[in-house]
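[1] Take this sequence and fold it.
(2 chains)
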Number of protein chains: 2
Amino acid sequence: MKIDWKPGTMIYPLPAVMISCGSEPSDYNIITASWVGTLCTNPPMCYASIRPERHSHAIISRTREFVINLTTVPLAYSTDWCGVKSGRDCNKFEAMGLTPGKASALLAPTITEAPLSIECRVRDIIPLGSHDMFMADVVNIQADDSYLDEQTGAFSMEEANLLAYSHGKYFSLGEMIGKFGWTVKKS
Amino acid sequence: MKIDWKPGTMIYPLPAVMISCGSEPSDYNIITASWVGTLCTNPPMCYASIRPERHSHAIISRTREFVINLTTVPLAYSTDWCGVKSGRDCNKFEAMGLTPGKASALLAPTITEAPLSIECRVRDIIPLGSHDMFMADVVNIQADDSYLDEQTGAFSMEEANLLAYSHGKYFSLGEMIGKFGWTVKKS
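    Modelled structure (predicted):
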């Protein structure tokens, strides 16, 4: 039987990415977010929604740059910690032993330990209520070459062991169920 | 070592939801999408980005309503099939044996077999390039009460066995790694 619930935010599973920002080492910060996603394939665009009271909100509003770093099961502790602590009180890179890397198109740092860092330049900031939406263009991606297939050049997301977030809990990915389009492929 | 990639859409894992739309049984349709997410907690807002050439794009542009139905491992076949076929050529509900349900706040149908159906009313349509972004308010949620804990009333996403999409492949969720905030909880 179906029952009605009050409106809420129940789209899952989601990524739990670490967003890095700042324009020089003294203001580098990390915020974890799941209100992120892809908006458009071509041009490649994405978004991150962040509460105005968060420390990273002011940084990204000023620099109009951020990096979406994919997170993995080994990075789960840092992912959770960077989501509940504030960069006003600590240097999150130092506290978690994470290494700021040099982005190719931005002043904002990447997180070197992440398998994939998506460099984003803000196009618009849209106030919505509890969160402001940072709508952004993807301007470069840095990939850890240890996950690249030497033959094909393809990036192996499976080997990267990505972290998923679902309704208050973090999960690894489980069994592969199928490839996109498998239901219409000729055998 | 980090290597640069051309800009692209690499945020993963994502949900692969079935979006149901239409205002009467003759135009009911389903489109599968991963370019979806939560934009704001309060008011609850989400989005779905859809290519203008897709059949559902015209329907949702006209009705300004859609339902995001979460998908599960048992629904993986329907999820993939509804993502590659067009509603111009077939009735996807009938072809996949899915049951249109009555939404509480919309004319658009829910998918009864989904554990959770999120009823959305379009606020804005933002053209971005290959995709248009349908920015929407969540106006109601229907939940399958078989996933509700009798004691707490909480919805068990784990029992719903949600499907994740990552870089061209569908996955089940695996091991639970931790609960949000576990790294700062006092033991």
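
[2] Does the helix or strand bottoming out on mean pLDDT in chain A reach chain B?
    Counting by mean pLDDT, DSSP states H and E, chain A has its least confident helix or strand at helix A:157-160, which shows a mean of 90. Yes: residues of helix A:157-160 are located near chain B by Cβ under 8 Å from any Cβ of the partner chain, namely A:157, A:158. Using the backbone N, CA and C atoms, a C-beta is placed for each residue, glycine as well.

[3] Show the subsequent helix or strand relative to that helix.
    strand A:163-166 (DSSP states H and E).

[4] which residues sit against that next one?
    Contact partners of strand A:163-166, identified using Cβ atoms under 8 Å, 6 or more residues apart in numbering or on different chains, comprise A:12-16, A:34, A:71-73, A:75-76, A:79, A:170-173, B:13, B:157-158, B:162, B:164, B:173, B:177, B:180.

[5] average pLDDT for the helix or strand following it?
    Moving toward the C-terminus from strand A:163-166, the next helix or strand (DSSP H and E) is strand A:169-179. The predicted model assigns strand A:169-179 a mean pLDDT of 97.

[6] quick check, strand A:169-179 touching chain B?
    Yes: shown here: strand A:169-179 in contact with chain B (Cβ under 8 Å from any Cβ) through A:169, A:170, A:171, A:172, A:173, A:174, A:175, A:176, A:177, A:178, A:179.

[7] Turn those residues into CSV, columns for neighbour count.
    Listed next are those as CSV, based on neighbours: other Cβ atoms under 10 Å in any protein chain shown:
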residue, neighbour count
A:169, 18
A:170, 24
A:171, 27
A:172, 17
A:173, 25
A:174, 15
A:175, 10
A:176, 12
A:177, 19
A:178, 16
A:179, 12
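
[8] Now for those: which two are most distant?
    Farthest-apart pair in the residues of strand A:169-179 next to chain B is A:169 and A:179; separation 26.6 Å (Cβ to Cβ).

[9] How about the contacts made by residue A:177?
    Contacts of residue A:177 (Cβ under 8 Å, 6+ apart): B:73, B:76, B:163, B:169, B:170, B:171, B:172.

[10] can you give me the helices for chain A?
    Per DSSP state H, chain A carries helices over the ranges A:55-63, A:76-84, A:92-96, A:157-160.

[11] which one of those has the most crowded surroundings?
    helix A:76-84 (a mean of 22; mean count of other Cβ atoms under 10 Å in any protein chain shown).

[12] Contacts for that helix, please.
    A:16, A:18, A:30-33, A:71, A:92, A:95-96, A:98, A:113, A:163, A:170, B:177-178, B:180-184.

[13] Any idea how far it is from the middle of the chain?
    The chain centroid and the centroid of helix A:76-84 are separated by 12 Å under Cα atoms, centre = their mean, to the nearest Å.
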